[in-house]
Structure formats: structure tokens, C-alpha cells
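Engineer: Sequence first, then the predicted structure:
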Amino acid sequence: MGRLSIQGSSMITWMNLLMFVVLMLFAWIQMKGYTVFGVSDFYFREALLASAGSLGYSIEETMSCLRIKETGHELQVAVQGWIGTAQLKSKTKDSENTTKQLADGMTKYFQSTPGNMNYMTSCF
């Protein structure tokens, strides 16, 4: 009496399943792209500019977006320097290959060039 149920299952069970699916979908959309942990904002920027330079790209920087002048591709950049994380992702499908090339170049830069690290993330 007073319990909501759908053919033997409580409404809470269905709500839990729905919330789980919505959260997984949100995480999947949010985590597209390339994420760097333990990096300072200056080190990330240096790596990004070095990678673009090695590919022959010139970059126009705005608040949270990079525009590659040669191709017209736009990339979204989010840097949280205080906790040592940064994210680089494509704004459109046609810029995904460019984003991958930049990320690969940044990986090489991080491996070969010592820089300022921020390990605040690992404290949480």
C-alpha cells in the first residue's frame, strides 16, 4: 500500500538505473578529447605551442579556444592550473585528426622537456 511499482520493481530501482545511464552519457560526452594530469598551466601552454610549431601551424588564442590559421580548425582548451589538469578537444568532427596530431606532439614534448609539474590532483 502506497508503494509505487512497475510490474514488481519499485520506482526507485528504475530511477537508479536511469540516473546511472544519464551520468555515464554525461561522462562520455564530457571526457572526449585529451586530458593531461599533473601539469601546470604554463607547461601545458608551452607544450601546446611547441607541438603546433613542429607541425607548422600558427595559432590564434582566445579565452578557451584555439584556432589554427592554416586549416581554420578550432580546438577547445580547458586548463585548471590550480589542480594540475588540462583538456584539449575538438570542436568539430573535421578537426579530430588535428587534435590527435597536437596531442601526440605534446606527449613527445612532455617526454623530452622537463617542466613545472603540479601534483595537487593526486592529493585529492
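Structural biologist: Now that the structure is in, tell me what you want to look at. Numbering: from 1, shown residues only.

Engineer: Break down this protein into its helices, ranges please.
Structural biologist: Using DSSP state H, the helices of the chain run over 11-30, 41-54, 96-112.

Engineer: Nearest to Y119, out of these?
Structural biologist: helix 41-54 (12.4 Å; Cβ to Cβ). Just so you know, the C-beta spots here come from the backbone N, C-alpha and C atoms, and that holds for glycine as well.

Engineer: Tell me which other helices or strands the closest one touches.
Structural biologist: When contacts are defined as 3 or more Cβ pairs under 8 Å, 6 or more residues apart in numbering; DSSP states H and E, helix 41-54 sits against strand 59-61, strand 74-80, strand 85-90, helix 96-112.

Engineer: ok, and for that helix, which residues are buried?
Structural biologist: Going by neighbour count (16 or more other Cβ atoms under 10 Å), the buried part of helix 41-54 is D41, Y43, F44, R45, E46, A47, L48, L49, A50, S51, A52.

Engineer: wouldn't the first one be in contact with I83 here?
Structural biologist: No. Taking contact to mean Cβ atoms under 8 Å, the distance of 10.6 Å between D41 and I83 leaves them out of contact.

Engineer: rewinding a little: return the item of the buried residues of helix 41-54 having minimum pLDDT.
Structural biologist: By pLDDT, D41 ranks lowest within the buried residues of helix 41-54, coming in at 87.

Engineer: what's the burial count for the residue nearest to it when sequence neighbours are not counted?
Structural biologist: Closest residue to D41 apart from its sequence neighbours, by Cβ to Cβ, 6 or more residues apart in numbering: G81 at 3.3 Å. Applying other Cβ atoms under 10 Å, we find 17 residues neighbouring G81.

Engineer: Can you name the residues that contact G81?
Structural biologist: Contacts here follow Cβ atoms under 8 Å, 6 or more residues apart in numbering; on that basis G81 touches S40, D41, F42, F44, N118.

Engineer: Phi and psi next, for it.
Structural biologist: Reported as degrees, to the nearest 10, the phi and psi values for G81 are phi -60, psi -30.

Engineer: list the contacts for the closest residue to K89 other than its chain neighbours?
Structural biologist: Among residues not flanking K89 along the chain, G33 sits closest, at 2.5 Å (Cβ to Cβ, 6+ apart). Contact analysis of G33 by Cβ under 8 Å, 6+ apart lists Q76, Q87, L88, K89, S90, T99.
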